[in-house]
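S.K.: Turn this into a model:
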Amino acid sequence: MQLETLETETGPNPTASIIFLHGLGDSGHGFAPFADELDLAAAGPVRFVFPHAPTRPVTINGGYVMRAWYDILAPDLVRREDETGLRASQAAVDALIARERARGIPASRIVLGGFSQGCAMTLLTGLRHPERLAGLIGLSGYLPLAAQTAAERHGSNHGTPIFMAHGRLDPVIPLARAIASRDALQALGHPLEWHEYPMPHSVCPPEIADLTRWLLAVLGPAPARGE
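M.R.: Below you'll find the model as predicted:
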């Protein structure tokens, strides 16, 4: 599966990449304005990559066909998971990371992130990726295939910083599900920064501010040319 993408760059010759995965029923266009809200000038020019998920029938929505990284089989998100769909999208996201590597961005300067289903794909893929990434962003989502994470995670990303944030008023993915995911990751020793906000299934300005600070910390200053 080769994903179509929407891309934007904050300057010529990017030295870092942020791959951001949208949520159920959305597309890469939905989070494109996200690039303008993050002031990452101190980290140097950044390439933002916003892929579009493939279309598929979604069981919980009566089989309606929409963009989705995987099928949602039941409301609780846990007891019945679409492992086949998850694994296929994992491979497609890994291919996006490989493409950034081929374009000259080292893995240590690539951040993978996502919202809702995109958060789930970020945690699934990023923790299993064989090269250390700069960081993982999980907004308003959860950890999929949680019982398999300990056995399948790759040692290269045991210490990769994780930013997770969730709305206390989220009616789509309950806060308790996100907290359980946070606790599972922390129990495995992953360094994780956690935030809660008084919002529904969305993104808010204080979250953007916290994320900007975190991104500047994990990316660090712009590397000198030739490094």
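
S.K.: where are the low-confidence patches of the chain?
M.R.: Where the chain drops to pLDDT under 70, the residues are 224-227.

S.K.: any idea which residue sits dead centre in it?
M.R.: A centroid search over the chain (CA atoms, centre = their mean) returns residue 113, at 2.2 Å, as the residue closest to the centre.

S.K.: From what I see, that residue and residue 139 are in contact.
M.R.: Yes - using CB atoms under 8 Å, residue 113 is in contact with residue 139, at 7.2 Å. Any C-beta I mention is one placed from the backbone N, CA and C, and that applies to glycine too.

S.K.: Now the common contact residues for the two.
M.R.: residue 119 (CB atoms under 8 Å, 6 or more residues apart in numbering).

S.K.: Going along the chain, name the strands of this protein.
M.R.: 5-9, 16-21, 46-51, 55-58, 64-67, 110-115, 135-139, 162-167, 192-197 (DSSP state E).

S.K.: Out of the ones you listed, which is closest to residue 125?
M.R.: strand 110-115 (6.6 Å; CB to CB).

S.K.: what pairs with that closest one, and is each one parallel or antiparallel?
M.R.: Partners of strand 110-115 in the sheet, by DSSP bridges, are strand 16-21 (parallel), strand 135-139 (parallel).

S.K.: Can I get the ones you listed in CSV including distance to residue 89?
M.R.: Formatted as CSV, the strands paired with strand 110-115 follow (distance: least, CB to CB, whole Å):
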stretch, distance to residue 89
strand 16-21, 9
strand 135-139, 15
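
S.K.: Now for residue 97, how many residues are close by?
M.R.: Residues within reach of residue 97, counting by other CB atoms under 10 Å, total 22.

S.K.: The longest helix that the chain contains packs against which elements?
M.R.: With secondary structure taken from DSSP state H, the chain has its longest helix at helix 83-102. If contacts are counted by 3 or more CB pairs under 8 Å, 6 or more residues apart in numbering; DSSP states H and E, helix 83-102 sits against strand 16-21, strand 46-51, strand 110-115, helix 117-126.

S.K.: ok, now with 6 Å
M.R.: helix 117-126 (3 or more CB pairs under 6 Å, 6 or more residues apart in numbering; DSSP states H and E).

S.K.: what's the angle from the helix it packs on to strand 162-167?
M.R.: In terms of direction (axes from the mean of the first three to the mean of the last three CA atoms, to 10 degrees), helix 117-126 departs from strand 162-167 by 160 degrees.

S.K.: list the helices and strands helix 117-126 packs on?
M.R.: Against helix 117-126 (3+ CB pairs under 6 Å, 6+ apart) you get helix 83-102, strand 110-115, strand 135-139.

S.K.: hmm, try it at 10 Å
M.R.: Applying 3 or more CB pairs under 10 Å, 6 or more residues apart in numbering; DSSP states H and E, one finds that helix 117-126 contacts strand 16-21, strand 46-51, helix 83-102, strand 110-115, strand 135-139, helix 146-152, strand 162-167, helix 175-187.
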